[in-house]
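Engineer: everything below, folded, please.
(2 chains)
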Amino acid sequence: MLDVKKIRADFPILSRKVNGQDLVYFDNAATSQTPQQVIDVIVDYYSRLNANIHRGVHKLSQEATDAYEEARIKIQKHFNAAQPYEIILTSGTTESINLIASGYSTILQTGDQLIISALEHHSNIVPWQMLCEKTGAELKVIPMTLEGTLDMQAYESLLTPKTKLVFVNHVSNALGTVNPIEEIITKAHAYGAKVLIDGAQACPHIKPDVQALDVDFYVTSAHKLCGPTGVGMLYGKTELLKALPPYQGGGEMIATVTFEKTTYADLPHKFEAGTPNIAGGIAFGAALDYMNGIGMDAIASYEAELLAYATAELKKIEGIKIFGEAVEKTAVISFNVGVQHPYDLGSILDQMGIAVRTGHHCAQPIMDFFEIPGTVRASFSFYNTFEEIDRLIAGVRKAVQMLQ
Amino acid sequence: MKTIEAIQEELIEEFALFEDWMQRYEYMIDLGKSLPLIDTAFKNEDHIIKGCQSKVWVHADLKDELIHFTADSDAIITKGIIAILIRVFSNQPPKAILEANTDFIDKIGLKEHLSPTRANGLVSMIKQIKMYAVAYQTQLN
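Structural biologist: From the prediction side, this is the model:
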């Protein structure tokens, strides 16, 4: 059992007022809030440690480097990567995906095939479209069902010996569907294809074991799991990362530089050009410590209760339609009420101090599939309460009444 | 003909009567219902104000040297916002529209709709209305 009251006290933002009322923060799938323990680490870094890392011989630089590399090891352990250097620190999920797409642009050939899913965020669609334009490879899409799950039979029929890469999100940001990534990975490997899993939406709720999954690449962002924005990671298997060319040129990523020839640094530095987000990286480690301190299993089971309660209560509202009702889903509810525009509902909820997301959630193909302009999306975290869900339900009822 | 300033003053007085946001929003929803609707023939890509969230269509024509606006939106609150703008700017000479300032928006408590995240918000609607005014002013010169 979680002591939610105690947990909430860790998050200063949760006690602020919005439009004169207590904030109800249900936009956790966009970004999670930051506990004091993580904020303290950022403040401490700039107050006590700030120095550039990996080069200075002075004390501050050494301490900052140690703290940054300790964070990498925390991330490695959390995701159970075999080696710390298999964790590349990036600016976030989008950069992690672009790093792989850029690397594969030198490897793919005309006629090769890539598979993505109909449930992807724009950040896991656009880089691959750009890659296909550049290389002449062909992009195929795993279709979705009305419940918001992937059509796995269709997936199997898309796989061929020409399939080189498969990209699927672990959890859909718009619908909360948990995709069967074990099966997706096993089947892709049977054809020799590599798999990249976008874990941005999964990691706040699920602790993935990259070795058990045998996944080739796994990417996520810190700010979805109580860490700061502007930092994230790419996990890759050693031999695959070694085979990829560097992403950006610059300092940190080189071994030797002459005007004739530069040799690149070893992993992970080959992919970490320039001065990184040092405070962010260290805080990413602290955020994982915080989440693990509470316990990922406890978090998942409490959020499942919140989801079940909110779903049952929302369904009592006349005209409600919930999009995405997979059996396996995280604490995200995408919905519309009758003909009401999600923007209208969201604007009125905002006046009540309730933060939800409205719109297409950067997943326009999903909205096109359901033939809607967008949805209202309420996404819950372990620091949310049943009382807050009651306020959402009352707020939606009031909004609908006002709009009719 | 009331001047733009006079209409803005009227709106400020009306909105000052409301005690809370709920009354304000209910009034905006009502105003949306009185919006002079755009002819369906003009509800096309040429007349759309592109935004992330709701769709807004605005049309303008010139009659007796005054600009008449019609509009529509698929969201009710957005319809209320464009109705307010049309009440202020419709049936006015292009020059007056160009010279008008828009401080009243803040005074009637709609400042939050000026935020850049509301991509369908007031900023792009006002811009579009002023664009029409520029075009018709050029025609009159």
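Engineer: for B:His47, see how far away A:Arg391 is.
Structural biologist: Distance of A:Arg391 to B:His47, given as CB to CB, to the nearest Å: 39 Å. Backbone N, C-alpha and C define where each C-beta goes, glycine included.
Engineer: what does the lowest-mean-pLDDT helix or strand in chain B contact?
Structural biologist: Every helix and strand in chain B was compared by mean pLDDT, DSSP states H and E; the lowest is strand B:48-49, with a mean of 86. For strand B:48-49, contacts defined as CB atoms under 8 Å, 6 or more residues apart in numbering or on different chains pick out B:Lys55, B:Val56, B:Trp57, B:Val58, B:Asn120, B:Ser124, B:Met125, B:Gln128.
Engineer: can you list the strands that it pairs with?
Structural biologist: When pairs are called by DSSP bridges, strand B:48-49 turns out to pair with strand B:56-63 (antiparallel).
Engineer: identify, from the contacts of strand B:48-49, the entry nearest to A:Gly285.
Structural biologist: B:Asn120 (40.0 Å; CB to CB).
Engineer: okay, the closest one: pLDDT?
Structural biologist: Looking at B:Asn120, its pLDDT is 50.
Engineer: so the residue nearest in space to the middle of chain B is in which element?
Structural biologist: In chain B, the residue lying closest to the centroid (CA atoms, centre = their mean) is B:Leu85, at 2.2 Å. Assigned by DSSP states H and E, B:Leu85 falls within helix B:76-89.
Engineer: after that helix comes which helix or strand?
Structural biologist: Using DSSP H and E, the helix or strand that follows helix B:76-89 towards the C-terminus is helix B:94-99.
Engineer: can you pull the buried residues of stretch A:278-294?
Structural biologist: Neighbour-count burial for stretch A:278-294 flags A:278-291, A:294 (criterion: 16 or more other CB atoms under 10 Å in any protein chain shown).
Engineer: closest to A:Glu95 out of those?
Structural biologist: Closest to A:Glu95 out of these is A:Gly280 (12.3 Å), distances taken as CB to CB.
Engineer: what is the burial count for the closest residue to chain A within chain B?
Structural biologist: Residue nearest to chain A within chain B (CB to the nearest CB): B:Ala75, separated by 3.8 Å. By other CB atoms under 10 Å in any protein chain shown, the residues close to B:Ala75 number 26.
Engineer: over to A:Val57?
Structural biologist: 6.
Engineer: the inter-axis angle of the lengthiest helix in chain B versus helix B:76-89?
Structural biologist: The longest helix of chain B (DSSP state H) is helix B:122-140. Counting by axes from the mean of the first three to the mean of the last three CA atoms, to 10 degrees, helix B:122-140 lies at 40 degrees to helix B:76-89.
Engineer: show me what helix B:122-140 is packed against.
Structural biologist: If you count contacts as 3 or more CB pairs under 8 Å, 6 or more residues apart in numbering or on different chains; DSSP states H and E, helix B:122-140 packs onto strand B:48-49, strand B:56-63, strand B:66-73, helix B:76-89, helix B:94-99.
Engineer: go again with 6 Å.
Structural biologist: Under the contact definition 3 or more CB pairs under 6 Å, 6 or more residues apart in numbering or on different chains; DSSP states H and E, helix B:122-140 sits against strand B:56-63, helix B:76-89, helix B:94-99.
Engineer: buried set for the last one?
Structural biologist: Which is helix B:94-99. For helix B:94-99, burial by neighbour count (16+ other CB under 10 Å) applies to B:Pro94, B:Ala96, B:Ile97.
Engineer: give me the contact list for it.
Structural biologist: B:Ile4, B:Ile67, B:Phe89, B:Ala133, B:Tyr136, B:Gln137 (CB atoms under 6 Å, 6 or more residues apart in numbering or on different chains).
Engineer: are any of those residues buried, and if so which?
Structural biologist: Those of the contacts of helix B:94-99 that meet the buried threshold are B:Ile4, B:Ile67, B:Phe89, B:Ala133, B:Tyr136, B:Gln137, by 16+ other CB under 10 Å.
Engineer: contacts only, for A:Val168.
Structural biologist: Residues near A:Val168 by CB under 6 Å, 6+ apart: A:Ser117, A:Asn179, A:Ile184.
Engineer: same thing but 10 Å
Structural biologist: By CB atoms under 10 Å, 6 or more residues apart in numbering or on different chains, A:Val168 lies in contact with A:115-117, A:119-120, A:124, A:142, A:150, A:155, A:179-181, A:184-185, A:188, A:195-198.
Engineer: same question for B:Glu112.
Structural biologist: Contacts of B:Glu112 were listed using CB under 10 Å, 6+ apart, and they are A:Asn19, A:Ser347, A:Asp350, A:Gln351, B:Trp21, B:Arg118, B:Gly121, B:Leu122.
Engineer: in helices only, show me the residues you listed.
Structural biologist: A:Ser347, A:Asp350, A:Gln351, B:Trp21, B:Leu122.
Engineer: list the contacts for B:Lys130?
Structural biologist: B:Phe89, B:Pro94, B:Ile97, B:Leu98, B:Ala100, B:Thr102.
Engineer: take these and lay them out in CSV including pLDDT and distance to A:Gly92.
Structural biologist: Output for those, formatted as CSV (pLDDT from 0 to 100; distance: CB to CB, whole Å):
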residue, pLDDT, distance to A:Gly92
B:Phe89, 96, 42
B:Pro94, 96, 47
B:Ile97, 96, 44
B:Leu98, 95, 43
B:Ala100, 94, 43
B:Thr102, 87, 37
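Engineer: let me know the closest of these to A:Asp66.
Structural biologist: Among the contacts of B:Lys130, B:Thr102 lies closest to A:Asp66 (CB to CB), at 54.8 Å.
Engineer: what's near enough to touch that closest one?
Structural biologist: B:Thr102 makes contact with B:Ile4, B:Gln8, B:Leu85, B:Val88, B:Phe89, B:Leu114, B:Leu122, B:Val123, B:Ile126, B:Ile129, B:Lys130, according to CB under 10 Å, 6+ apart.
Engineer: apply 8 Å and report the result again.
Structural biologist: Neighbour list for B:Thr102: B:Leu122, B:Ile126 [criterion: CB under 8 Å, 6+ apart].
Engineer: and for A:Lys329?
Structural biologist: For A:Lys329, the contacting residues are A:Val171, A:Leu175, A:Gly176, A:Thr177, A:Val178, A:Leu307, by CB under 8 Å, 6+ apart.
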